[in-house]
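*Asks:* Whatever this is, show me its structure:
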Amino acid sequence: MLCASLLFTLLEGSRYIMLGMMAVINSQSVTESVFAEYQVPAYQNYHLLLLDSGYGTGELQLSEVQARMQKLGQENLNPEISGYGKYSNFLQMNVTDCSVVQYELATDDNAGPLLRQIAQIMKKEAAADLVKKITDVSESDRQGKKADKYLDGALDTIERAKEEAQTEAGSINAEGVRADSRKVFSKKNADLVSGGVLHGQHIQLNIFSKRIIAQDMSGMGNIAQDISGMENSEPETVQTEISEQEIENPMEDVKSAKSSPLLAQILTEGDSISAKQIAKEDAVEQRTLHTGNYVQSSSSGIADKILTVQYLKKYTSDYRHSISVPHALEYEKEYILFGKYTDEDNLEKMASRLLLLREGINFAYLLTDQAKCEEALAMAAVIAAAAGIPGAVKAIQMGLLASWAYSESIAELRTLFSGGKISVVKSSDSWTVSLAQTAAVLFDHSVKSREVSSGLDYEDYLDAFLTLESLDKIGIRFANLLEKNIRLYAGYEQVKLDCMITAMETESSYQAGQMFLSFVTAAPLSKAGYELKEKYAFSYMEK
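*Replies:* Next comes the predicted model:
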């Protein structure tokens, strides 16, 4: 009897250990089985794994997830058998409870879980190094804004000088002062320049000192400090060749163009713009989102950003590149970059960003090209002479250079939007627009900049802009885009990304009765039997 009691006790002890192992295995298999019900469109189109806790309802339903886990665990450990016989084994248990302890949602931390999955996907696909294609965008943006100030300052200077001239010289006929700076002036008007003397094909012009010009340009702020080449207060003589043909001041045309719709200056009548739009009030970034309580490190750093940009390049569309999956918006990368809710608005923002960048690069180049600076100075002298404001020559020159840079930039944007490549850094060989064409280019859509095989195209600039954007904005806007695209599939119309689970920790409770000890004692040692608890954590991210 003693030996039998010892044997049955050992058997029950072994059975208890096996019950614990079964609980562990069941907790893992049940949790992973629930995660196997991932969103099919998200995986097929974007290779992203997401568990919809609302199962198509658009609601966060952790209770439904827990119920499914408990049902599945019970079928594994103590299934109901229909027909003849009864299922039983030594390791039979009941699942008394399943609960979600921690969970992570796709939109947590500005869609950090999505960004981590994206980085993991692109690491597997050996993403190319995008850094080599990124130029100093920020610096060129500042140069573009500076060029705009020069143009505005030049026009303001002309108007202010004309008003002062009219006040001080009341005897001057008002018709002799040009009210419209677009009026054409011929070379013969150059004799109005103070101290100027005509010599055949050249004009000899007295340029005032830096101090006087800076005073005339007081409305331009610190831009006047950029005026160079006048180191003392003595007038110096500059000889610049001017053709016999009439000179037209393009600054007013450029100023008018800057206040006109930019896309109309770039695209031709045959170029169509997508009319797609999404609702602002239903956007992920506008809603109050559900949040999880699962803690993981977020994506950060240039490496993660480059991987993300490479992913977007492959799995999202833009103005120049489309992919064959349903889109709520056609220009997806532009939306991720600018966050507007219509394709047209995002494309307009992209054009404006490109213009500012290229205008800065082109203006900076013009300041280094002596021949072009002299050409602008010659035209400025004629314009100043005709207007009777010789002290504003330098200001007008800078305004002309800014206008010239703008027209060259418009020609470049036409090339980019039509699929061509342009030079990253300008040179005399890659320059397209002449000073005389500055105004005409704005109205002639056939004028495009020269293409450069080694240059950058529209998508290269778009990728560079995205690389400069914060991951937080990229993540949350991509989340909204993903949600709207999934809703285009039948059966997924109500899904919400802030109900999508990407990681979860579960706790399961089990109950099993005593078996072998009944042969040793008259009654079970515990009426409740054995109670076991197991935790298991699972994430779509590989560890």
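*Asks:* where's S470 relative to N480, distance?
*Replies:* Between S470 and N480 the distance is 16 Å, computed by C-beta to C-beta, to the nearest Å. For the C-beta atoms, the positions are set from N, CA and C on the backbone; glycine is no exception.
*Asks:* Looking only at neighbour counts, state which of the two leads.
*Replies:* Using other C-beta atoms under 10 Å as the criterion, S470 and N480 rank with N480 on top: 25 against 10.
*Asks:* Need the nearest residue in space to Q397, chain neighbours excluded.
*Replies:* A380 (4.0 Å; C-beta to C-beta, 6 or more residues apart in numbering).
*Asks:* which of the residues in the helix or strand containing that neighbour are buried?
*Replies:* Here A380 sits within helix 370-387, counting by DSSP states H and E. Neighbour-count burial for helix 370-387, counted by 16 or more other C-beta atoms under 10 Å, picks out 372-373, 375-387.
*Asks:* And it, what does it pack against?
*Replies:* helix 137-168, strand 202-207, strand 236-241, helix 343-368, helix 393-417 (3 or more C-beta pairs under 8 Å, 6 or more residues apart in numbering; DSSP states H and E).
*Asks:* rank these by pLDDT, which is bottom?
*Replies:* The weakest mean pLDDT among the helices and strands packed on helix 370-387 belongs to strand 202-207, with a mean of 31.
*Asks:* residue ranges with poor pLDDT in the stretch 401-543 of the chain?
*Replies:* Applying pLDDT under 70 to the stretch 401-543 of the chain picks out residues 515-528, 543.
*Asks:* cutoff 80 now
*Replies:* By pLDDT under 80, the weakly predicted segments of the stretch 401-543 of the chain are 513-529, 542-543.
*Asks:* Am I right that A537 is in contact with A503?
*Replies:* Yes: counting by C-beta atoms under 8 Å, A503 is a contact partner of A537 at 7.4 Å.
*Asks:* higher neighbour count, those two?
*Replies:* A503 (23 against 13).
*Asks:* Confirm that the more buried one sits in a strand.
*Replies:* Yes: assigned with DSSP: H, G, I helix; E, B strand; the rest coil, A503 falls within a strand.
*Asks:* list the contacts for it?
*Replies:* Going by C-beta atoms under 8 Å, 6 or more residues apart in numbering, A503 touches Q102, Y103, E104, P113, Y294, Q296, A537, F538, S539, Y540, M541.
*Asks:* neighbours around the nearest residue to the last one once chain neighbours are set aside, how many?
*Replies:* Here the nearest residue to M541 in space, its sequence neighbours aside, is R116; by C-beta to C-beta, 6+ apart that works out to 5.6 Å. By other C-beta under 10 Å, the residues close to R116 number 22.
*Asks:* so what pLDDT did R116 get?
*Replies:* pLDDT at R116 comes out at 91.
*Asks:* Now it: which helix or strand?
*Replies:* Judged by DSSP H and E, R116 forms part of helix 108-124.
*Asks:* Residues contacting that helix, please?
*Replies:* 47-49, 104-106, 284, 291-292, 294, 296, 298-299, 304, 307-308, 310-311, 471-476, 478-479, 482, 497, 502-503, 540-542.
*Asks:* Not counting sequence-adjacent ones, nearest residue to S454?
*Replies:* K421 (7.7 Å).
*Asks:* and the one you found, backbone torsions?
*Replies:* phi -110, psi 150 (degrees, to the nearest 10).
*Asks:* Just give me the neighbour total for L49.
*Replies:* Neighbours around L49, by other C-beta under 10 Å: 19.
*Asks:* Q39 too?
*Replies:* Neighbour count of Q39, defined by other C-beta under 10 Å: 23.
*Asks:* Now for it: which residues touch it?
*Replies:* Applying C-beta under 8 Å, 6+ apart, the residues near Q39 are L48, L49, L50, L51, D52, I486, Y492, V495, M500.
*Asks:* Please narrow these to those residing in strands.
*Replies:* Counting by DSSP state E, the contacts of Q39 place L51, D52, M500 in strands.
*Asks:* Who wins on neighbours among these?
*Replies:* Going by other C-beta under 10 Å, M500 tops these with 29 neighbours.
*Asks:* Spit out the contact partners of that one.
*Replies:* So M500 contacts Q39, L50, L51, D52, S53, L105, A106, T107 (C-beta under 8 Å, 6+ apart).
*Asks:* Let me have the residues you listed in CSV, adding distance to G529 as columns.
*Replies:* Converted to CSV, the contacts of M500 look like this (distance: C-beta to C-beta, whole Å):
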residue, distance to G529
Q39, 40
L50, 39
L51, 33
D52, 37
S53, 33
L105, 37
A106, 41
T107, 43
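*Asks:* So which of those residues is the closest to S509?
*Replies:* Nearest to S509 out of the contacts of M500 is S53 (C-beta to C-beta; 20.9 Å).
*Asks:* What is the neighbour count of that closest one?
*Replies:* So S53, with other C-beta under 10 Å, has 24 neighbours.
*Asks:* wait, it sits on L497?
*Replies:* No: assessed by C-beta under 8 Å, S53 is found out of contact with L497, at 11.2 Å.
*Asks:* who's in contact with the residue nearest to Q397?
*Replies:* Here A380 is in contact with V393, K394, I396, Q397, G399, L400 (C-beta under 8 Å, 6+ apart).
*Asks:* Three-state assignment for the most centrally placed residue in the chain, please.
*Replies:* The residue lying closest to the centre of the chain (C-alpha atoms, centre = their mean) is L337, at 2.0 Å. Following three-state DSSP, the label given to L337 is helix.
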